[in-house]
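S.K.: how would this look folded up:
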Amino acid sequence: MRLLILADTHVPKRARTLPEEVWQAAEAADAVIHAGDWVEVGLLDELESRTRRLIGVHGNNDGPGLRARLPEVARAELGGLRFAVVHETGAARGREERCAA
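M.R.: Numbering: from 1, shown residues only. Below is the predicted model of the structure:
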């Protein structure tokens, strides 16, 4: 199984789009996981159209459009492995407890 794991892409604030190598990896992956801070809805739309399966959450830099479409915590199963995705931005102290909640 091929996975591509992304986070903090901040498109288009830090780059106009993702690098071509990332797009190629996304298209080849069985699933793409994005752990938040997309910044613009356009990247979500494009990843949805160019990937087999997309699992994502919103981050602290994502506005109402992304928050309306993405959960704070995404739970999924791939190849018999259950996992959760979250964009964690708090202090290092207590992080494990917050993620376990």
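S.K.: show me the residue sitting in the middle of this protein in space.
M.R.: His34 (1.4 Å; Cα atoms, centre = their mean).
S.K.: and the closest residue to it other than its chain neighbours, what's its pLDDT?
M.R.: Distances taken as Cβ to Cβ, 6 or more residues apart in numbering place Gly56 nearest to His34, at 3.9 Å, with adjacent residues excluded. The C-beta positions use only the backbone N, C-alpha and C, and glycine is treated the same way. In this prediction, Gly56 carries a pLDDT score of 98.
S.K.: helices along this protein, start to end?
M.R.: Taking DSSP state H, the helices of the chain run over residues 20-28, 41-50, 64-69, 95-100.
S.K.: so which of the ones you listed is nearest Arg75?
M.R.: helix 95-100 (12.6 Å; Cβ to Cβ).
S.K.: so which of the helices of the chain is nearest Arg14?
M.R.: Closest approach to Arg14 among the helices of the chain is made by helix 41-50 (11.4 Å; Cβ to Cβ).
S.K.: residues contacting Ala84?
M.R.: For Ala84, the contacting residues are 73-76, by Cβ atoms under 8 Å, 6 or more residues apart in numbering.
S.K.: going by distance to Ala7, which of those residues wins?
M.R.: For those, the closest approach to Ala7 (Cβ to Cβ) belongs to Ala74, at 12.3 Å.
S.K.: distance check, the spatially closest residue to that closest one that is not a sequence neighbour against Glu21.
M.R.: What sits nearest to Ala74 in space, not counting adjacent residues and going by Cβ to Cβ, 6+ apart, is Val85, at 4.5 Å. According to Cβ to Cβ, to the nearest Å, Val85 stands 22 Å off from Glu21.
S.K.: okay, those two: which has more neighbours?
M.R.: Val85 (20 against 8; other Cβ atoms under 10 Å).
S.K.: touching, that one and His58? I think so.
M.R.: No: with contact defined as Cβ atoms under 8 Å, Val85 does not reach His58; the gap is 10.7 Å.
S.K.: low-scoring stretches of the chain, by residue?
M.R.: Low-confidence regions of the chain, defined by pLDDT under 70, span residues 90, 101.
S.K.: repeat the analysis, applying 80 as the threshold.
M.R.: Residue ranges of the chain with pLDDT under 80: 89-92, 94-95, 98-101.
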